[in-house]
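> structure for this input, please:
(2 chains)
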Amino acid sequence: MKKIFGGLLLIILITVPVSAVNISPSPNQSSSSAEDKEIAKFKDKVATKVAELRQKNNRAVAGTVVSAKTGVFKIKTPDTSEYEIKTDDSLTKYFQIAGTQKKEIKLDEIKTGAYIIVNGVINDRAITANAVFVDEFIYVNSGKITEVNKDDFTVKVITNDKDTVTLDIESSTRQQIINIKSLEIERVGFSKVKEGDTIHFVARHNPDQKDNNRYTVAKFIVIPQEYFIK
Amino acid sequence: MKKETTVAIFFGILLGAVIAVSLIIKNRQAQLQKAKTIVPEIKTAFKITPNAINARLLEIVSPDDGMITAKNTVTIRGKTDPNSLLIIQSPLKDVVVRNDKADFTIDFPLALGENIITIAVYAKEPQLRSQEKQLKIYYLDEL
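Modelled structure (predicted):
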């Protein structure tokens, strides 16, 4: 019995490599153009599939850098989720966004406190970064005005997420109101803004302000409370 | 032990058992009644119908939140109740329209980087609350 098994094993060991050798094309064998085309087609398919998968897994996450060690960042998103960003010396590119342009920067130019967009493959709470963009966080939200301070040109707003934020209205702020009859957007003075109105705003965080819930408004649209009463 | 004593003990045990069973049944009923008081709370939960209506008020068909694009514009498609007031705001553009139809399609410009776009709907009926959704679209030409 043992001899039979031994013989079978020997036959298998000998025939498998031989058949493998037979499958692989011999160097002397001239490859036909049809085969080359097939190989090229197959390569294209694989490349397309890889690109599709990369595109599918490619995500972008933005947040503030809370810690930066060599090649690894930790960011906190505006909704307070934390991600670990892994970078690669040869693959990851770094850019600074300035208006409509971007310029390439170096890794060590990204400091704690910077707001970055990370483009890469996300695996749970870790992102392998293909590109990192230093950007500015623009706060776009809406809510109900709870307080209007006409002395220091601020309004307090309770947002739909139940956060209370203080908005600084500057002379450069584009102040607009909805005409409740025509529904046209019209320019308005700060004196027309009142408690109970709904406000949609675009704002920036003022780095000089220690209060994290205080923003400088770039523009706002007010829906007068009368719109909802009619 | 006399026969009468044995009968008395037997009846005593039987009476005790009857009382114990009746107490257990009453206690269960009392517990069930206590449990029933939860029902009105559930009913109150169902009373929040405006939220259920709100859920149908605004639907964003495209784009998906978190989309990455290499183009500097995006087309926002959605559905809402006809005649509702639609406000779409981003750092680059504001749109305020009375939506005549249920569907809406609006082209929006994108700035390089992160674009937060808020889409709010205020229903025609004032008793219905507004609904707001936020889209984060990333215009990154380095994909």
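
> so what's the residue count around residue 66?
No chain specified, so I'll use chain A. 12 (other Cβ atoms under 10 Å in any protein chain shown). Glycine gets a C-beta too; all of them are placed from N, C-alpha and C.

> um, chain B though
13.

> confidence score at residue 21?
Reading this off chain A. Model confidence at residue A:21, given as pLDDT, is 43.

> chain B is the one I meant
87.

> can you check residue B:40 too?
33.

> ok, residue A:168 to chain B distance?
Distance, residue A:168 to chain B, by Cβ to the nearest Cβ, to the nearest Å: 17 Å.

> that residue sits in which helix or strand?
strand A:164-178 (DSSP states H and E).

> so what's residue A:206 closest to, chain neighbours aside?
residue A:216 (4.9 Å; Cβ to Cβ, 6 or more residues apart in numbering or on different chains).

> to the chain's geometric centre, what's the distance from the lengthiest helix in chain B?
Longest helix in chain B by number of residues (criterion: DSSP state H): helix B:3-36. On the basis of Cα atoms, centre = their mean, to the nearest Å, helix B:3-36 sits 47 Å off its chain's mean C-alpha point.

> any idea how many residues pack against residue A:105?
15.

> quickly note the distance from it to residue B:87.
Between residue A:105 and residue B:87 the computed distance is 37 Å (Cβ to Cβ, to the nearest Å).

> pop the domain breakdown of chain A in here.
Domain assignment for chain A by automatic domain parsing gives A:57-135, A:138-229.

> pLDDT on the strand holding residue A:168, on average?
94.

> can you give the strand pairings for whichever helix or strand comes after it, parallel or anti for each?
Using DSSP H and E, the helix or strand that follows strand A:164-178 towards the C-terminus is strand A:185-187. Its sheet considered, strand A:185-187 pairs with strand A:164-178 (antiparallel) by DSSP bridges.

> give me the contact list for the helix or strand harbouring residue B:107.
Assigned by DSSP H and E, residue B:107 belongs to strand B:103-109. The contact list for strand B:103-109, computed with Cβ atoms under 8 Å, 6 or more residues apart in numbering or on different chains, reads B:72-80, B:86, B:88, B:90, B:92-93, B:95, B:97, B:117.

> among the residues you listed, which are in helices?
Per DSSP H, the contacts of strand B:103-109 never map to helices.

> buried only: go through those for me.
B:74, B:76, B:78, B:79, B:80, B:86, B:88, B:90, B:95, B:117 (16 or more other Cβ atoms under 10 Å in any protein chain shown).

> enumerate the residues of chain B near chain A.
B:66, B:68, B:85, B:87, B:89-91, B:94, B:96-98, B:111-114, B:116-118, B:120, B:122, B:126, B:130, B:132, B:134, B:136, B:138, B:140-143 (Cβ under 8 Å from any Cβ of the partner chain).

> can you pull the phi and psi angles for residue A:151?
Main-chain dihedrals, residue A:151, degrees, to the nearest 10: phi -80, psi -50.

> what separation do you get for it and chain B?
Look at residue A:151 and chain B: by Cβ to the nearest Cβ, they are 28 Å apart.

> mean pLDDT per element in the chain, and the minimum belongs to which helix or strand?
Since no chain was named, I'll use chain A. helix A:2-23 (a mean of 48; mean pLDDT, DSSP states H and E).

> wait, chain B
helix B:38-46 (a mean of 32).
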